[in-house]
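Asker: my questions concern the predicted model and sequence given below.
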Amino acid sequence: MITYAELGHDLTGNADPSRGQLMRSLLGFLKWPKGTSMFWPCTLPCDGNLVPQTRMFWAGVQKFRCSTILCFGSEAMRIIYPQVQPGQNVIMLEQSSIHLLPSVAELAARLPHEQQLAVASIAALRI
């Protein structure tokens, strides 16, 4: 399961094409088989602002039995796992592991090869 703070906008009709292109590029780099990853929001828009949806997020994790969560950015991480400690990049829970990656905005500011290097640590994950 993949999440990031702006995903609520992207899935509800206010998508940013550059974010979509970045995610397609990263998934292409990872070469995971189709159908092995999904996007699930941790926020939803309300009156133009993104509002945390922690319960909805974890309900989705449970419903889809996600064992691996890729969390792009510390803002999204604080929404789904508020007790995260500074420097904590992998969190092991009973049923899932959460992997903290740079935010979409941080990745977008990098060159393509730098983007790939930033997510290379998850390429070997068994999903």
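Answerer: Sure thing, it's come through.

Asker: so where do the helices sit in this protein?
Answerer: Here the chain has its helices, by DSSP state H, at 7-10, 17-30, 54-63, 74-80, 104-108, 112-119.

Asker: of those helices, which is nearest residue 98?
Answerer: Nearest to residue 98, of all the helices of the chain, is helix 74-80, at 7.1 Å by C-beta to C-beta. All C-beta spots, glycine's among them, are computed from the backbone N, C-alpha and C.

Asker: report all helices and strands that that closest one contacts.
Answerer: On a contact count with 3 or more C-beta pairs under 8 Å, 6 or more residues apart in numbering; DSSP states H and E, helix 74-80 meets strand 2-4, helix 54-63, strand 68-72, strand 97-101.

Asker: how far is the second one from where the chain is centred?
Answerer: Per C-alpha atoms, centre = their mean, to the nearest Å, the displacement of helix 54-63 from the mean C-alpha position of its chain is 14 Å.

Asker: report the angle between it and strand 97-101.
Answerer: 120 degrees (axes from the mean of the first three to the mean of the last three C-alpha atoms, to 10 degrees).

Asker: can I get helix 54-63 in PDB, CA atoms only?
Answerer: Extracted C-alpha coordinates of helix 54-63, given in PDB (Å, rounded to 0.1, in the frame of the first residue of the first chain):
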ATOM      1  CA  THR A  54      -6.300   7.900  10.200                       C
ATOM      2  CA  ARG A  55      -9.200   5.500  10.900                       C
ATOM      3  CA  MET A  56     -10.100   5.200   7.300                       C
ATOM      4  CA  PHE A  57      -6.500   4.600   6.400                       C
ATOM      5  CA  TRP A  58      -6.100   1.700   8.900                       C
ATOM      6  CA  ALA A  59      -9.500   0.300   7.900                       C
ATOM      7  CA  GLY A  60      -8.100   0.000   4.400                       C
ATOM      8  CA  VAL A  61      -4.900  -1.600   5.600                       C
ATOM      9  CA  GLN A  62      -7.000  -4.200   7.400                       C
ATOM     10  CA  LYS A  63      -9.500  -4.800   4.700                       C
END
